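>>> Quick one: sequence plus predicted model below, questions after.
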Amino acid sequence: MSDQRPFIPVRFAVLTVSDTRSLAEDRSGQTLADRIAEAGHVLAARDIVTDDRQAIRDMVLGWSQDDSIDAIITTGGTGFTGRDVTPEALEPIFEKRMDGFSEVFHRISYDKIGTSTIQSRATGGVVNATFVFVLPGSPGACRDAWDGILKAQFDYRHMPCNFVEIMPRLDEHLRRNKS
């Protein structure tokens, strides 16, 4: 951390993917919302969609085009059952994949739940110059991802580098293609 840099709040959207939960019962989404607020960031949007590829994709695409949202975190639908389709919905629209996110998430998860971490297909990437993180649907996994990775990476004071300092340049390839 550098005391020389100011804290810059980031605007997050949280999407829970579930066929069975309502917002009132959504412990994973609430865990993320609470941690976002505790860190000094803004919860710009929160919603729930069913385990439906098009519904998931449509919500994330819409949020990624909203100027009031800087980053999106989804929770749920990363397992191996027939209804778990969040990675299939979102990975095809990633402009850039973030393989390191998955690797670090699994490293942190392994320390907590051992080999059971292989049952998650957590992933991350960039869609329309917006960071997107795809997390498992458990409060523990959401805590691990936020506390172990996202909290530091979305703090501008975190050194040697962080997501906040590169956010203004995430759309360079889009601007370049328009010229």
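Received the coordinates, thanks. Residues are numbered from 1 along each chain as shown.
>>> Number of residues surrounding the nearest residue to residue 77 once chain neighbours are set aside?
Ranked by C-beta to C-beta, 6 or more residues apart in numbering and with sequence neighbours excluded, the top spatial neighbour of residue 77 is residue 86, at 3.3 Å. C-beta: built from backbone N, CA, C; applies to glycine. Using other C-beta atoms under 10 Å, residue 86 is surrounded by 29 other residues.
>>> separation between residue 86 and residue 131?
Plainly put, residue 86 is 16 Å away from residue 131 if you go by C-beta to C-beta, to the nearest Å.
>>> Any chance you could list what contacts the host helix or strand of residue 107?
Element membership for residue 107 (DSSP states H and E) is helix 99-113. Contacts with helix 99-113, where a contact means C-beta atoms under 8 Å, 6 or more residues apart in numbering, come from 117-118, 120, 122-124, 133, 135, 140-141, 144-145, 148-149.
>>> what pairs with the helix or strand following it, and is each one parallel or antiparallel?
Sequence-wise, the next helix or strand downstream of helix 99-113 (DSSP H and E) is strand 123-127. Strand 123-127 has the following strand partners under DSSP bridges: strand 96-97 (antiparallel), strand 130-135 (antiparallel).
>>> pLDDT on strand 123-127, on average?
In this model, strand 123-127 carries a mean pLDDT of 98.
>>> Just checking the distance from that strand to the centre of its chain.
With C-alpha atoms, centre = their mean, to the nearest Å as the basis, strand 123-127 stands 8 Å off its chain's centre.
>>> name the element residue 13 belongs to?
strand 11-17.
>>> Going by contacts, tell me the helices and strands next to that strand.
The contact analysis (3 or more C-beta pairs under 8 Å, 6 or more residues apart in numbering; DSSP states H and E) places strand 11-17 against helix 27-38, strand 42-49, helix 53-64, strand 71-75.
>>> now, of the strands paired with strand 123-127, which is deepest in the fold?
For these, average neighbour numbers computed from mean count of other C-beta atoms under 10 Å are highest in strand 130-135, which has a mean of 27.
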